[in-house]
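Asks: one predicted model, sequence on top.
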Amino acid sequence: MSLLPHPATEEIQLAEVLRALADPVRLEIVDRLSREGELTCTGLGSEVGLHKSTMSHHYRILRESGLTLTRQEGRRKFIRLRREDLEKRFPGLLESVLDALERTGPQG
């Protein structure tokens, strides 16, 4: 198992997290991860209907912003939210976003 590069908890920047969350596709990814836990890139991308390279771009933005952690096992990549790290860095932020998504949907 290997981890792709991602920021340490103390390096996560609010502006980068908010920028990553500003895109409806990435909001949908965050929402699915919050409901379903760790998923493969293929599993996440299959329902979105975007090209694989476009999904890779969204995964990279989420990882580099500090929202997700991506680990690789062989050829498969698994993605999960960094709930604990985000809560430590920005208490209540992720839950507020997820609550708003539940009430309004990603286009809200």
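Replies: Cool, the structure landed.

Asks: now do the helices in the chain.
Replies: Assigned by DSSP state H, the chain shows helices spanning 14-21, 24-36, 41-48, 52-65, 83-89, 93-104.

Asks: nearest to residue 6, out of the ones you listed?
Replies: helix 52-65 (5.1 Å; CB to CB). Just so you know, the C-beta spots here come from the backbone N, C-alpha and C atoms, and that holds for glycine as well.

Asks: and the angle from that closest one to helix 14-21?
Replies: Helix 52-65 and helix 14-21 are oriented at 160 degrees to each other (axes from the mean of the first three to the mean of the last three CA atoms, to 10 degrees).

Asks: could you pull out the buried residues of helix 52-65?
Replies: Neighbour-count burial for helix 52-65 flags 55, 58, 59, 61, 62, 63, 65 (criterion: 16 or more other CB atoms under 10 Å).

Asks: can you list the residues you listed in JSON lines and add distance to residue 38 and pLDDT?
Replies: Shown next, in JSON lines, are the buried residues of helix 52-65 (distance: CB to CB, whole Å; pLDDT from 0 to 100):
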{"residue": "55", "distance to residue 38": "16", "pLDDT": "87"}
{"residue": "58", "distance to residue 38": "17", "pLDDT": "94"}
{"residue": "59", "distance to residue 38": "13", "pLDDT": "93"}
{"residue": "61", "distance to residue 38": "18", "pLDDT": "96"}
{"residue": "62", "distance to residue 38": "13", "pLDDT": "97"}
{"residue": "63", "distance to residue 38": "14", "pLDDT": "96"}
{"residue": "65", "distance to residue 38": "18", "pLDDT": "97"}
